[in-house]
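> Provide a 3D model corresponding to the input given below.
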Amino acid sequence: MEKIRIAISGLGNCASSLIQGIAYYYRNKESKKVTGLMHCDIGGYKPSDIEVVAAFDIDKRKVGKDVSDAIFELPNCTTVLCRDIPVTNIRVRMGKILDGFSEHMKNYDDKYTFVLSDEKEASKEDIIKVLKESRAEMLLNYLPVGSEQAVRFYAECALGAGVALINCMPVFIASDPKWADRFKEKGIPLIGDDIKSQLGATIIHRTLADLFKKRGVKLERTYQLNTGGNTDFLNMLNRSRLISKKVSKTEAVQSVLAERLEAEDIHIGPSDYVAWQKDNKVCFIRIEGRLFGDVPLNLELRLSVEDSPNSAGVAIDAIRCCKLALDRGRGGVLYSPSAYFMKHPPRQFTDDEAYRMTEEFIAGAREN
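You can find the predicted model right below:
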């Protein structure tokens, strides 16, 4: 199969895990015991068929370096899946700053201080030129939570270059009708918004909520608390950047409940930054409800996962589904993959429905 040519905005932990994973599965492509993939093959495409052809960042420790080196630079701290990454000969380009970082990260400590590159910021024309010259087919957005202006800037660049967009962050592009219409008008595929983990807090919380509904248990209140030590959690100490994140995570759970909860009865969101956890994310879920005869039930769960590889396991499928849309000449929002892979898609479905729809999409079914 031909390579799937991707560009990435934001070369943080999630991008690092994705790129390491591509190399990992390439080296194990002949093994019959490969684990950790939802799909080994999607439309004939394997994980090893994905190739990074352009990358953008604003951190001095990454800009100007080969992608294979930049993904291991601080403040990245994710688990190393594959250390020996082949040289890509793709230099990380200086991107556009805008609101792509939180001011409090500039002087946090020596290890996690944000070090802005002194290279000249890229313009919209610069980004579009790189996307075109690299022959990128799609752009993955991995910018930090709260980068509202910066995400929209890169979405404009994707439209300008005519490349598909996979919006992995909780800035509403695919779920905003105005943006969705623009991608549809240009015939450009769009998947978003806010990527789910392969087996993370959101998917487990949704599954438990759906189980309560199916078993006739009245769900009365619930919370989801998360702690971590990567730059994502450090960034989210600035609560002003969390508005869309909380909306995205909360709606992902509300959408599968038998009855929507009042705002005071549901709390879902990042809770605190614990530096020594690094890329480990610990999630605490509590659900209170009533069984037969109004007898009370309380459920508590603790989940510990490596955060960024958990995201990469879903991104690697989203990329291949996006490629299928390109091969088939389909543009606009890809509703089935968005519903299965993202927390805040334009249309919410149960996970069973979204899984079935995505399998039908992969098989060639057209979307409504």
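> what residues are up against the residue of the chain most remote from its centre?
Using C-alpha atoms, centre = their mean, the residue of the chain lying farthest from its centre is Gly293. It sits 41.7 Å away. By C-beta atoms under 8 Å, 6 or more residues apart in numbering, no residues touch Gly293. (C-beta placed from N, C-alpha, C; glycine too.)
> Look at it and report its pLDDT.
Model confidence at Gly293, given as pLDDT, is 97.
> Let's see the distance spanning stretch 238-248 from one end to the other.
In stretch 238-248, first residue to last residue: 17 Å (C-alpha to C-alpha, to the nearest Å).
> distance between it and the chain's centre?
Its chain's C-alpha centre lies 15 Å from the corresponding centre of stretch 238-248 when counted by C-alpha atoms, centre = their mean, to the nearest Å.
> Just the buried positions in that stretch, please.
Residues of stretch 238-248 classed as buried: 238, 241-242, 244-248 (neighbour count, 16 or more other C-beta atoms under 10 Å).
> Can you report how many residues neighbour Lys3?
14 (other C-beta atoms under 10 Å).
> Next, find the distance separating it from Lys60.
30 Å (C-beta to C-beta, to the nearest Å).
> again with Asp126
The gap separating Asp126 from Lys60 is 18 Å, by C-beta to C-beta.
> And the strands in the stretch 101-250 of the chain?
Counting by DSSP state E, counting those that start in this stretch, the stretch 101-250 of the chain has strands at residues 138-141, 164-167, 189-191, 218-228.
> Compare those and report which one is nearest to Asn13.
The closest of the strands of the stretch 101-250 of the chain to Asn13 is strand 218-228. By C-beta to C-beta, the value is 10.1 Å.
> contacting residues for Arg247?
Not quite, residue 247 is Val, not Arg. If you count contacts by C-beta under 8 Å, 6+ apart, Val247 has them with 170, 344.
> next one: Gly200
When contacts are counted by C-beta under 8 Å, 6+ apart, Gly200 touches 281, 283, 303, 305, 307, 310-311.
> Give me the phi and psi for it.
phi -120, psi -170 (degrees, to the nearest 10).
> Tell me the confidence at it?
Here the pLDDT value assigned to Gly200 is 95.
> do you know how far it is from Pro177?
Taking C-beta to C-beta, one finds Gly200 at 28 Å from Pro177.
> try Lys214
Counting by C-beta to C-beta, the gap from Lys214 to Pro177 is 32 Å.
> Tell me, how many residues neighbour Glu125?
As a burial measure, Glu125 scores 10 neighbours (other C-beta under 10 Å).
> Name whatever forms a beta bridge with Leu165.
Leu139, Leu190 (DSSP bridges).
> Report the rounded mean pLDDT for stretch 179-196.
Regarding stretch 179-196, the rounded mean pLDDT is 98.
> so how far does that stretch reach from one end to the other?
Note: stretch 179-196 ends 21 Å apart using C-alpha to C-alpha.
> and that stretch, which residues are buried?
Quick answer for stretch 179-196 (16+ other C-beta under 10 Å): 179-180, 182-183, 188-196.
> Which two among those are spaced furthest apart?
Spatially, the most separated pair among the buried residues of stretch 179-196 is Arg182 and Lys196, at 24.6 Å (C-beta to C-beta).
> was I right about Glu360 contacting Ser336?
Yes: the pair Glu360 / Ser336 is scored as a contact, 7.0 Å apart, by C-beta atoms under 8 Å.
> Between these two, point out the one with more neighbours.
Ranked by neighbour count (other C-beta under 10 Å), Glu360 and Ser336 place Ser336 first, with 26 against 13.
> Give the full set of residues in contact with the more buried one.
Ser336 neighbours (C-beta under 8 Å, 6+ apart): 354, 357-358, 360-361, 367.
> Look at it and give its secondary structure.
Following DSSP: H, G, I helix; E, B strand; the rest coil, the label given to Ser336 is helix.
> The residue nearest to Leu11 when sequence neighbours are not counted: neighbouring residues, count only.
Using C-beta to C-beta, 6 or more residues apart in numbering and skipping the chain neighbours, the partner closest in space to Leu11 is Asp57 (4.4 Å). Using other C-beta under 10 Å, Asp57 has 27 neighbouring residues.
> Quick check: bridge partners of Asp57?
Here Asp57 sits in beta bridges with Met94, as judged by DSSP bridges.
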